[in-house]
Every structure is written in structure tokens, then in C-alpha cells.
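**Q** build me a model from this:
(chains A and B)
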Amino acid sequence: MLAKRIIPCLDIKNGQTVKGINFLELKDVGDPVALGRRYAQEGADELVYLDISASMEGRRTFAELVTRIAANINIPFTVGGGIASVEDAGRLLKAGADKVTVNSAAVMNPQLISDIAQKYGNQFIVVAIDAKQIDGVWRVTTHGGHRLTERELFSWAREAQDRGAGEILFTSMDHDGTKNGYPCETYARMAEMLSIPVIASGGAGSIEDIAEVLTVGRADAALAASIFHYGEIPIPKLKQALHEQQIPVRI
Amino acid sequence: MIAVIDYDTGNLCSVSNALGRLGATYEITADPARIRAAERVLLPGVGEASSAMHKLQERGLVEVIRSLTQPVLGICIGVQLMCRRSEEGEAQCMGIFDHEVRKFTLPNLKVPHMGWNSIQQLRSPLFEGIREGDYVYYVHSYAPTVGADTIAQTEYGVPFSAALCKDNFFGTQFHPEKSASVGECILRNFLKM
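**A** Next up is the predicted model:
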């Protein structure tokens, strides 16, 4: 049976892993390669490396770090942050990334999804969506949640799929960093609507939160950062607990 | 020396990085002489079957690969090309394994089959040290059927060949180079063949 995936996310700024609470106030939590290798040994199913400074500062991504990650990590990894062209994606593929994730640039230029999918395959592109609820409507945001757009979450997710996205990584900006759990109904609705995997991100504070989004929320994978970085929920303990609840995981 | 066959189907750095982590010496090459002279041969690849097959033909590698006598390991599209034919692009393949490659077509099944799935009914020294039900990493929409050369199976709606073996030829539909310690063990076993 296909396992539900547990994915630590490493936010990178200036070559270091960081995690912001609601994307502000950053705090160092270590070397990206060493941390990634530790997670792989602990049973992480994939890793995501996000260059979070990229959109705001227009910074091009970090091919050198990606090369180092690819040489040292024996599980799949996704990289993102500031990918604005097919060429950017191609450089990261060449450096050894298994997938890329696009966010703000795809909202501004949806053709980017089609172009990357066509050139490198659907499995290579993960479309990340940050959204927040405004008057009961899930509105898509960009630039780390700083800019509100006119797009609505579900129609944008559908368009991303239709354009060739291989997966959707959805973060609720209302829940990210709060540790109060995920908006599971929203995830379930998304899973119902899409035929590609959905990765839940932002809001996990406990093992129960993760179990809930993988069952009630029907997510295919759960991504988190601080709970792993600060050792609040060790991955082996998390997977054992999920396994005991009959959730299929790789242990 | 291990020859990693370069036939222009995506990048080969995942496989070569994995070989590097195992301390193996490898060469990325499309030169028939180098491939024939290698102790072991790896046929990786991603992409579409008929165009990948076409690229092998263009480089005159089909007969070279078929005639190899040292251990050969095809990975993902590599194992598919070693089968008889693939539904993808109606490709006629190398016919080393008398298996067909079929698309996942069951309703309610997400395609590509992507992520970690378990391998069962292991029967090959390739899986020495691997337990029934261990997990490996997959990314694919087509897979070889189960048949005479099947040495491991995975279930995704239907059972399919996770790995094949005939004589000196091996193939895995999953990606050992991305399958954590289980994948490393399988690669290490291949390097001991």
C-alpha cells in the first residue's frame, strides 16, 4: 500500500535552515545538509528545501547547496523559492533536485506550470499555494503571505492541476506557525476535487494534528518544520504513532 | 568500473551520487567499448518509453546491451526498455524480459504512482538483507506486468513487477538510488553480483 509521507521542510536563508513563526522572526536551526541527513536517517520520506528569502529579495536560488544536498541525501527532495522560469527549474534539476516547487511566480504567470511540466514531467513540479480566509473565502496569497491576490484557493488548485502540476502543497496562512492543527475540512474538499496528491503544511502542533489531516483531511503527505527542528515531535515517534492508528507509513 | 549508460534521458546525477555514496567507481558513457568493458552496467533514465528507446537505437546501444554478459541493472524507464514492449508510445523494447509494460488505468488511482510502497515476494540475491514489506520509492505511470522474470512485486490497484531478473539482467521499477537504506542495500547487493 502506498504510504502517507512525512516531510520535514527546511526553510533556507543565507545557506542556513530557519523557521519563521508566521514567516516573521527567523531563528537558526542548523546546517541544511546535516539536518537533512539526520531527518533521512530518522525516517523522513522526503525533504523540502525552500529558499524563503527568494521572493522578497528577488534572490535566485541556491544551486550550490542543492548539489551538496543531492550528493549527501538518499531520499527524494524538493527545492523551491524564487523559481521564475523553466531555466531556473532546469538548473535545479541538473543540480540534483527531484522536484521543484513554485508559488508566487506561478500565480503571476500560470504558464510557468505548463512549461515546466511539459519540459520535465508532471512529477517534477509541485505547486505551493499559500492562502488565507477573508470573509469566508480562501484567498491565495504570494510573497510569503504578504500579498493578497484575487485568486480563490480551489479554482487555483484545479487550474494548477490542469496545467500539469504533479502535487499541490497547500499552506493555510491562518494556521501556519500556530500549532493549532490544520484546516482539515478544507484539505478534504481539496482531495475530493483533485486527482493529484495534496501535501498538508502549516499548523501541526501534535501527532494528533498530523494523524487527523492524513485521515479526516485525506492528505497524502504532511509537511512540517518547527516541530521537527526543535525536536518536539521526533519523526520515529510520529511514524510509530501513525502506524498504531493503522495509517500506512514507512517504518 | 561501473558504466552508467548515458543516452540523454534526463540527468544521471541521482544514480551517480548514490554510487558515489557507496564508494563505487563509475563512468557515465555511451561508448559501446566502454560499456562492454565495464564490470557492471547501469541503465537509468526518466521520460517517455518510445523516445527513450529511440535514443538507445540512435546510439547503436540496443544490441550492445542485449549482448552484455556482466551484471546489468535497469532502473525505472531502464527496466521498462528491457521488457518486450510498452504501452507508452506503443514502444517495441529490447525484449530481454518477456514482460509487457502497462499503464495504471484503474479509476480512483492517482497516476503517477508516486511515493513509498512496499515490495513483496522477494526472490533474488538482489534482496539479501531486505525484508518482505520493506518500502521503496516510486515515480511512474507505467509498470511491467507480473510474470516469469518477476523477483519482487508491489501492489498499486493491481500487482506489478517491482523488480525483474533474467540471467545477468536485473531491473527495478522503483528507484533504489532514492530509497534510503533499503535502496542502498539493494544497490550494494548488485555491486556484489
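**Q** for the closest residue to chain A within chain B, give the beta-bridge partners.
**A** In chain B, the residue that lies nearest chain A is residue B:135 (3.9 Å; Cβ to the nearest Cβ). Using the backbone N, CA and C atoms, a C-beta is placed for each residue, glycine as well. Using DSSP bridges, the bridge partners assigned to residue B:135 are residue B:118.
**Q** okay but it is in contact with residue B:118, surely?
**A** Yes. Contact criterion Cβ atoms under 8 Å: residue B:135 and residue B:118 qualify, at 5.4 Å.
**Q** now the common contact residues for the two.
**A** Shared contacts of residue B:135 and residue B:118, defined by Cβ atoms under 8 Å, 6 or more residues apart in numbering or on different chains, are found at residue A:3.
**Q** what about the residue of the stretch 151-251 of chain A found nearest chain B, which SS state?
**A** Using Cβ to the nearest Cβ, residue A:250 is the residue of the stretch 151-251 of chain A that sits closest to chain B, at 3.9 Å. For residue A:250, the secondary structure call by DSSP: H, G, I helix; E, B strand; the rest coil comes out as coil.
**Q** ok, it - contacts?
**A** With contacts defined as Cβ under 8 Å, 6+ apart, the neighbours of residue A:250 are A:3, A:43, A:45, A:239, B:116, B:135.
**Q** check the gap between it and residue B:160 for me.
**A** Relative to residue B:160, residue A:250 is positioned 19 Å away (criterion: Cβ to Cβ, to the nearest Å).
**Q** swap in residue A:91?
**A** In this structure, residue A:91 and residue B:160 are 34 Å apart, going by Cβ to Cβ.
**Q** next secondary structure after the helix-or-strand element of chain A with minimal mean pLDDT?
**A** The least trusted helix or strand in chain A, going by mean pLDDT, DSSP states H and E, turns out to be strand A:24-30, with a mean of 47. Sequence-wise, the next helix or strand beyond strand A:24-30 is helix A:32-42, with elements assigned using DSSP states H and E.
**Q** may I see the buried residues of that following helix?
**A** Judged by neighbour count (16 or more other Cβ atoms under 10 Å in any protein chain shown), helix A:32-42 contains these buried residues: A:32, A:33, A:35, A:36, A:37, A:39, A:40, A:42.
**Q** before we move on, what about stretch A:4-21?
**A** Neighbour counts over stretch A:4-21 (16+ other Cβ under 10 Å) mark A:4-13, A:16-20 as buried.
**Q** and that stretch, does that touch chain B?
**A** Yes. On the criterion Cβ under 8 Å from any Cβ of the partner chain, stretch A:4-21 is in touch with chain B at residue A:5.
**Q** how far does that stretch sit from its chain's centre?
**A** Once both centres are worked out by Cα atoms, centre = their mean, to the nearest Å, stretch A:4-21 turns out to sit 9 Å from its chain's centre.
**Q** tell me how far residue B:49 lies from residue B:178.
**A** Using Cβ to Cβ, we find residue B:49 at a distance of 20 Å from residue B:178.
**Q** tell me the confidence at the closest residue to residue B:14 other than its chain neighbours?
**A** The spatial neighbour of residue B:14 that comes closest, neighbours along the chain excluded (Cβ to Cβ, 6 or more residues apart in numbering or on different chains), is residue B:177 at 4.9 Å. Reading off the confidence values, residue B:177 has pLDDT 96.
**Q** check the one 10 residues further on too.
**A** Per-residue pLDDT puts residue B:187 at 98.
**Q** using CSV, write out every CA atom in whichever strand or helix holds it.
**A** Secondary structure assignment for residue B:187, by DSSP H and E: helix B:180-192. Below are the C-alpha coordinates for helix B:180-192, written out as CSV (Å, rounded to 0.1, in the frame of the first residue of the first chain):
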residue,chain,number,x,y,z
ALA,B,180,17.1,5.4,1.7
SER,B,181,18.9,2.5,3.4
VAL,B,182,16.8,-0.2,1.7
GLY,B,183,17.8,1.2,-1.7
GLU,B,184,21.4,1.4,-0.7
CYS,B,185,21.3,-2.3,0.4
ILE,B,186,19.9,-3.3,-3.0
LEU,B,187,22.5,-1.3,-4.9
ARG,B,188,25.2,-2.8,-2.7
ASN,B,189,23.9,-6.3,-3.4
PHE,B,190,24.0,-5.5,-7.1
LEU,B,191,27.6,-4.4,-6.8
LYS,B,192,28.5,-7.8,-5.3
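**Q** and the pLDDT at residue A:12?
**A** As predicted, residue A:12 sits at a pLDDT of 86.
**Q** wait, a helix at it?
**A** No. The assignment for residue A:12 is strand, going by three-state DSSP, so no helix is present there.
**Q** so what pairs up with it in the strands?
**A** Going by DSSP bridges, residue A:12 is paired in beta bridges with residue A:17, residue A:51.
**Q** how much space between it and residue A:34?
**A** Residue A:12 is 13 Å from residue A:34, where distance means Cβ to Cβ.
**Q** do residue B:67 as well
**A** When Cβ to Cβ is the yardstick, residue B:67 and residue A:34 sit 45 Å from each other.
**Q** then residue A:164?
**A** Following Cβ to Cβ, the distance that separates residue A:164 from residue A:34 is 34 Å.
**Q** now do residue A:121
**A** Residue A:121 sits 30 Å away from residue A:34 when distances are taken as Cβ to Cβ.
**Q** and stretch A:193-207 with chain B, contact?
**A** Yes. Using Cβ under 8 Å from any Cβ, a contact is recorded between stretch A:193-207 and chain B, made by A:195, A:196, A:197.
**Q** okay, those in TSV with secondary structure, neighbour count and distance to residue B:110 next?
**A** Formatted as TSV, the entries for the residues of stretch A:193-207 next to chain B read as follows, by DSSP: H, G, I helix; E, B strand; the rest coil; neighbours: other Cβ atoms under 10 Å in any protein chain shown; distance: Cβ to Cβ, whole Å:
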residue	secondary structure	neighbour count	distance to residue B:110
A:195	coil	10	6
A:196	coil	22	6
A:197	coil	22	6
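**Q** residue B:44 is in contact with residue B:76, correct?
**A** Yes. With contact taken as Cβ under 8 Å, residue B:76 and residue B:44 are classed as touching, separated by 6.9 Å.
**Q** what's the residue nearest the centre of chain B in contact with, if anything?
**A** The residue at the geometric middle of chain B, judged as the C-alpha nearest the mean C-alpha position with Cα atoms, centre = their mean, is residue B:75 (2.2 Å). Under the criterion of Cβ under 8 Å, 6+ apart, the neighbours of residue B:75 are B:15, B:42, B:43, B:44, B:45, B:171, B:172, B:175, B:176, B:177.
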